[in-house]
Structure formats: structure tokens, C-alpha cells
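**Q** Let me see the structure of the following:
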Amino acid sequence: MKGVQINPQGWAFNTYYVAYEQVPVNLRGFVPPNPNNVLGWRPPPQEDVSKWPGDIVTYSSRVCPSQGGGSGMFRGPSIVDVQRARVLTAPTGTTDPYWEDRNFTKYLDKVRENVSVFVVHGLVDYNVKTHNLMPWLPALQAHGIPTKILVGQWPHSAPYSFSNRNSLLEWNVTLLRWFDYWLKGVETGIMDEPRADIQDYRGVWRREDNYPPSRVVDTKFFFTGDGKLKSEGPGTGQASFWDNQQGPQLNGGPISGAPKNFASFVSQPLEQEFRYSGEAVAHVELTHSTPIGHIAVTVYEVDGQTWRPVNWGFYGYNIRNTPEKFDPILPNEKIVLNVPLLPTDMVIPAGRQVAVVFSAQNSGGPGMLPVPSGGTSTVDLAKSHITFPMLDGIEPLAPQPLNLRGQPATYGSQGN
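**A** Below is the predicted model of the structure:
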């Protein structure tokens, strides 16, 4: 995500089969499996990274049997290409021609005229993350491709599961109406409805003209050196955080003392709900003490001494110039980044507080495994801010959709 590595299964893909199947020589960075560590993965020494592509080719016949057909047959060179691309770019967080060829926004001019797209995505899916929607979805719409959007509070699954309190009883009917219209020409009324069905973080459904809604108002908030998040700017002072390979532990309130592995900024108690929809963006200007580094920007809902992370964004400093090239950080170099957070539909109730935390490692949310730097980032707060796409209330659907159990289709764990 923006040059910051996700967990090893995510970026190594098939390569974890090497360790799992105990080939004679494992990929560097893997250790032999044991009862307590099935995949046997650990971060590789930097000097071994260049040798990974050769390992992939050498052991391709053993790496991929689990990715083949029913008999476990090897699927051929294309799988080797997938592995090589992932291994070559995973340590640096860069893209390369393999990934650029799979940037579908480049091929929208080739989409046939009779194509339509129904986008369905879980807003708490931390496998196929919501940043995959942007900028692909707006690009589809800009090319005049008919779209409908359904997003809600489910993880890596369809919005239809008996075990999920968020399941939509009417999901199959909605899908049938879509296909009846586009494949059979049956007037089902689905294209007469607002384009987006959205379930917010509290589980409430509504309809909007789009996702994100066109009525959002981009609103800036600023950071102060004494740890406040304010609606008036500019910010003041500076703040530092150290990459000690651990995420911030904030329940009970931030712990004072130095060095800290995070910098936190907290609002006053909310007089009204804090609601935003879409992609918040943190603009940060900073320096970093080592040649490699990265930042995690996390939004927290604060309720007394309980800090709940609810939204995340990441950026690797080494792709600050271009995602195709790994550029080491120079001493005293000023780094300017616009860090997009995962698209969401967030609401934090009145009476609670909003916090924004800068760190190198995240807590909760997506499984990230960035290359540790051991360095310290220092943020110029007077030149930094975060922009939220704010909404002034919603009009809930009435009645609310039901789940498969005949109950309101709310994601109960988010509604505390």
C-alpha cells in the first residue's frame, strides 16, 4: 500500500509454499517450519533480497503444486512470473512493468460499449482493501460506463452469509434485478434508484448518488505540538516518532516519555457526530533519520481511556518521487507526502473524541509488515494537516434492510 509492505502471505503469494512444503533449500527469509510457526517466515536480511528471483525459478516445480489443478499439477510459467514480480518488488514497495500491465485504469478506452459494472465491496475487507476502488471507480464513471455501488461493513466475503449479522437478505434479489436488466433487458427499476447503497460504520444503511457521495465537503484539521487536533489552522510545532517495529499501544491513553513510537493528536469531545465518507488524506512534511522509512496514519475513536483504531493509511518514503523507483532518503531531506487513508464510511458519535496518530507500525486493521528502518521521523506540524470528506448527516433507509436471520442487517461489533 503506497510502498508499504503487507503481510507475507499477501505479498509473497505462492512463495510461502516453499517453506510449507519443506523443499531442500528454502527461500532466503524463510526458516524450516515448526509446530509453533507453520509458515516459518521471518524478515529477510537485506543482502539476501537480490537472490530471491533465482530461488523462485529454481524451485518453481515445488513452489506451486498447491496452486495447480486437482492433482496438484504445476500451472506453468505464468505462476513463476507472478512470484518473481512479487518477490522483486516486495522488499522495495515499488511497482514494475508486471504491475503496471495490470493497472486496469490504463485500458478503459478499450472497454466495450455494452459493459456495465456492479461494484460490491466490504469496507472492513483488509485483504482486498478498499483503496482498490480508487481511482478505478471514478475512472469507470468518467468514461461513461454505467455503474452501481454497494458497500458495507463486512470483511473479505460477499454480503450474504448466515454467520454474518451484516448479511443482506435481499442481496440475491438485488443481483437478479441487475442481471435481468443488463443481460435480459427487463425493466427492474434498478437503474432508476440512487447509484450507491452504503452502510456506515455504525451499521445504518442509506442511499446516495455515488460513493463517495458528491455532497461531501473536504474539511481540513490541523496538528499542534501539544497533541491537539484542531479545526483551525495552521498547525504548530513538530512531532517525532521512532520505528521500533512495534505498533502504538494507546488503550489507557498515550504514555508519556521518550523516545515514543507514535505521535498522537486528539480533538475536544465532539459536540455532534463526526461523519465522513470516502478517502481522507493526510498531508505531511517531514524528515527521516535513515535511508529507508515509512509512515502509518491512523484515525482513532477515543472513548475515555479506550482508543479504537478505525481508519488507516500508509506511505513508503522511498517511493516519494515515483512508485516505479526506490530512492534512498538523503540526510536532512524534506519529504512531502499526501497519504490516502482507506476509503470508508465513518461515523464517530457525539461525546467521543477523534484522534490522528502518526507511527511506523499500525495497530489493528490491515495486516502490514513494512521493512523496519530503526529511524526517527520528525513531522513539521505547521505544514501538515489531514483532510476529511465530511458529511452533514444522512437520511437512513426506512425500513432498514434485514439479514438472513430476519434481523436488521447491522454489523454489531462496530456499533458499541
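**Q** all helices of the stretch 201-350 of the chain, in order?
**A** Using DSSP state H, counting those that start in this stretch, no helices are found in the stretch 201-350 of the chain.
**Q** confidence score at F222?
**A** For F222, the pLDDT comes out at 98.
**Q** That should have said P77, apologies.
**A** The model's pLDDT for P77 equals 46.
**Q** next one: H121
**A** Confidence at H121, expressed as pLDDT, is 92.
**Q** what's the weakest-modelled helix or strand in this protein?
**A** None of the helices or strands of the chain scores lower by mean pLDDT, DSSP states H and E than helix 16-21, at a mean of 33.
**Q** got the residue ranges for the strands in the stretch 301-416 of the chain?
**A** 306-316, 335-340, 344-348, 353-359, 376-380, 385-390 (DSSP state E, counting those that start in this stretch).
**Q** got a markdown table for the ones you listed, with mean pLDDT, distance to P248 and mean neighbour count too?
**A** C-betas here are computed from N, CA, C, even on glycine. Converted to a markdown table, the strands of the stretch 301-416 of the chain look like this (pLDDT from 0 to 100; distance: least, C-beta to C-beta, whole Å; neighbours: other C-beta atoms under 10 Å):
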| stretch | mean pLDDT | distance to P248 | mean neighbour count |
| --- | --- | --- | --- |
| strand 306-316 | 94 | 9 | 22 |
| strand 335-340 | 96 | 16 | 18 |
| strand 344-348 | 97 | 19 | 24 |
| strand 353-359 | 96 | 5 | 23 |
| strand 376-380 | 96 | 13 | 20 |
| strand 385-390 | 98 | 17 | 21 |
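**Q** so which of the ones you listed comes closest to P155?
**A** Among the strands of the stretch 301-416 of the chain, strand 344-348 comes nearest to P155, with 13.4 Å by C-beta to C-beta.
**Q** Run me through the strand neighbours of the closest one, direction for each.
**A** Counting by DSSP bridges, the strands paired with strand 344-348 are strand 274-278 (antiparallel).
**Q** Just give me how far the strand it pairs with sits from the chain centre.
**A** When C-alpha coordinates are averaged (C-alpha atoms, centre = their mean, to the nearest Å), strand 274-278 and its chain have centres 16 Å apart.
**Q** which residues sit against that strand?
**A** Residues outside strand 274-278 that contact it (C-beta atoms under 8 Å, 6 or more residues apart in numbering): 198, 200, 208, 211-213, 216, 267, 343-348, 354, 388-394.
**Q** how about the strands of the stretch 101-250 of the chain, start to end?
**A** Secondary structure of the stretch 101-250 of the chain (DSSP E, counting those that start in this stretch): strands at 117-122, 147-152, 196-199, 205-208, 217-223, 229-230, 238-242.
**Q** how about these, which one is nearest L176?
**A** Minimum separation from L176 across the strands of the stretch 101-250 of the chain (C-beta to C-beta) falls at strand 117-122, 11.6 Å.
**Q** Output the contacting helices and strands for that closest one.
**A** strand 147-152 (3 or more C-beta pairs under 8 Å, 6 or more residues apart in numbering; DSSP states H and E).
**Q** Just want the angle from the strand it packs on to strand 274-278.
**A** Per axes from the mean of the first three to the mean of the last three C-alpha atoms, to 10 degrees, the angle that strand 147-152 makes with strand 274-278 is 140 degrees.
**Q** Sketch out the low-pLDDT regions of the stretch 251-400 of the chain for me.
**A** 252-259 (pLDDT under 70).
**Q** ok, so what distance separates V302 from A355?
**A** Using C-beta to C-beta, to the nearest Å, one gets 5 Å for the distance from V302 to A355.
**Q** can you check P399 too?
**A** Distance from P399 to A355, by C-beta to C-beta: 35 Å.
**Q** got it, and G185?
**A** With C-beta to C-beta as the criterion, G185 and A355 are 52 Å apart.
**Q** cool, V151 as well?
**A** Counting by C-beta to C-beta - V151 and A355 are separated by 25 Å.
**Q** Same check on H156?
**A** 27 Å.
**Q** P91 is nearest to which of the strands of the stretch 301-416 of the chain?
**A** The nearest among the strands of the stretch 301-416 of the chain, by C-beta to C-beta, is strand 306-316 at 11.0 Å.
**Q** Now find how far off-centre that closest one is within its chain.
**A** What separates the centre of strand 306-316 from the centre of its chain is 10 Å, taken as C-alpha atoms, centre = their mean.
**Q** Packing partners of that strand?
**A** strand 294-303, strand 335-340, strand 344-348.
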